[in-house]
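> just the structure for this:
(chains A, B, C and D)
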2 protein chains.
Amino acid sequence: MKLLIVEDEIRLADTLGQIMREQKYTVDLVYDGESGLDYALMESYDVIILDVMLPKINGFEVVKRLRQAKNATPVLLLTARDETRDKIEGLDYGADDYMTKPFVPEELLARVRALSRRQGEVILNELCFEDLVLKLDTYTLHGKNKSIRLGFKEFEILKLLMSNPGMVFPKESILTKVWGSESDAEDNNVEAYISFLRKKFNYLGSIVTIGTVRKVGYHLEGLHDS
Amino acid sequence: MKLLIVEDEIRLADTLGQIMREQKYTVDLVYDGESGLDYALMESYDVIILDVMLPKINGFEVVKRLRQAKNATPVLLLTARDETRDKIEGLDYGADDYMTKPFVPEELLARVRALSRRQGEVILNELCFEDLVLKLDTYTLHGKNKSIRLGFKEFEILKLLMSNPGMVFPKESILTKVWGSESDAEDNNVEAYISFLRKKFNYLGSIVTIGTVRKVGYHLEGLHDS
DNA sequence: AAGTTTTTTCAGACTGTTTTAAGCTTTGTC
DNA sequence: GACAAAGCTTAAAACAGTCTGAAAAAACTT
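Have a look, this model is predicted:
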């Protein structure tokens, strides 16, 4: 089991290294974002522990570039900031977990274990369902022989639906996930976008359908029951 | 999987409820410590999510009394204060975990999963009885070789019946659980929906039957007598 | 600043759900 | 077996949730 720790506070970095080595991990220690990224791309690690506030390149940026380079190593972000926004931002960029400083070693160990267990899973840069492919980096939806660009909201909604094909997503939850929990957008906004999406599915000639569950929400349907 | 959420910030409470319901938990929401304690003692929950700052009785006190009453339900404390002292106080009173606000849903989910895992149960997203399967996420009822979509009320009633196959549910209790205690719906409404359901069972060719217990209510019957 | 795309808003058409009510069937009692 | 009470079934009306096109508003591009 090989770990990369990227942390600029030398004291903390060393402590972490020590803790993890005790647990029989092989540890590489690095003190800034740039080296972090280099190491991460060069070697193959089981988990990367990454501070957010880093010299040269910050943690978010590191994850982002790592993912752009199609590297799927699980990343655990360390953030001193207790802001929800930051946490979410990190996860959006492709981090797998985060932890707020200060923390207890036990928690860190538990999270690292959890992340390394996940190895098998791949972070794909596209979502597929039946004859549709949603490219996450270009915001485009590809059908059998055509493709089309999606607007931001369309994209986010479809990404949600495709993240768990078949599962019903309540309108409420689409609203909070796509518009944010602060927003005062209404159900009809979701309905309008669902309508746009259906039109585009149709244009692509896809067999996929967006099913309505009355009083609840929407879900993708492929070639099966009603 | 049944959750109790005790949180006085209505917005937050609702969001939490929504998040958890999405994950197929059954959620009871309550907005002050006193009701929290009542509910906790009355029903059997898998996990209780409990805010610390609460009207009437605070979270610590709720845990304390709960434990005094020999109730061992896992409790996850929500604390706005970031003081280690508070955390420890909560844990001393018998809470099983704590989380500092604000937090990201993922973290909450992870912790609730961790707490409920002790019970060893699995979150099922379908209910089965004999040859019927009720899919909770798509509101569909599947028979041996056909399936059919259920309306909201039909679904709720059947979910209730299937949650405890064989048990007799009084019409009264179906009314309050499905229509709500405010409603002035009458027995005949239940009767009408039972009729709809029987028709659908029939369409699916199921061996399952809805039995009537005169002057009381209904229950599922499989391959045996009444 | 004009043009383009995305997002929101609105209203009317539409659809499936829920209620209601009346007639019919079953069950239990005398 | 007759009667009343409880339960069943159905059709139709009332209702509520959903869809969609059009247009206004907002956000980007050029």
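> show me where chain A has helices.
Assigned helices in chain A, in chain order: A:10-22, A:33-42, A:59-68, A:84-92, A:105-117, A:152-163, A:171-174, A:187-204 (criterion: DSSP state H).
> out of these, the one nearest residue B:15 is which?
Closest approach to residue B:15 among the helices of chain A (Cβ to Cβ): helix A:171-174, 9.4 Å. Where you see a C-beta, it was placed from the backbone N, CA and C, and this is true even at glycine.
> what about the closest one, near chain B?
Yes. Under the criterion of Cβ under 8 Å from any Cβ of the partner chain, helix A:171-174 makes contact with chain B via A:172, A:173.
> alpha carbons of that helix, as CSV, please.
Output of helix A:171-174 as CSV, limited to C-alpha atoms (Å, rounded to 0.1, in the frame of the first residue of the first chain):
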residue,chain,number,x,y,z
LYS,A,171,-37.8,17.2,-8.2
GLU,A,172,-36.9,18.6,-4.8
SER,A,173,-33.6,17.0,-4.9
ILE,A,174,-32.9,18.0,-8.5
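> one step back: so which of the helices of chain A gets nearest DNA strand D?
Among these, helix A:187-204 comes nearest to DNA strand D, with 4.0 Å by Cβ to the nearest atom of the strand.
> show me what that closest one is packed up against.
Judged by 3 or more Cβ pairs under 8 Å, 6 or more residues apart in numbering or on different chains; DSSP states H and E, the packing partners of helix A:187-204 are strand A:140-142, strand A:147-149, helix A:152-163, helix A:171-174, strand A:209-213.
> which parts of the first one are buried?
In other words, strand A:140-142. For strand A:140-142, the neighbour count (16 or more other Cβ atoms under 10 Å in any protein chain shown) marks A:141, A:142 as buried.
> swap in the last one?
The neighbour-count check on strand A:209-213 (16+ other Cβ under 10 Å) flags A:210, A:211, A:213 as buried.
> what residues are up against residue A:174?
Neighbouring residues of residue A:174 by Cβ atoms under 8 Å, 6 or more residues apart in numbering or on different chains: A:157, A:160, A:190, A:217, A:218.
> burial count for the second one?
Okay, so that is residue A:160. Burial of residue A:160 is recorded as 17 neighbouring residues (other Cβ atoms under 10 Å in any protein chain shown).
> can you tell me which residues contact residue A:142?
Residue A:142 touches A:132, A:133, A:134, A:135, A:204, counting by Cβ under 8 Å, 6+ apart.
> among those residues, show me the least confident.
Among the contacts of residue A:142, residue A:135 carries the weakest pLDDT, at 86.
> how near is that residue to DNA strand C?
14 Å (Cβ to the nearest atom of the strand, to the nearest Å).
> partners of residue A:99 in the sheet?
residue A:78 (DSSP bridges).
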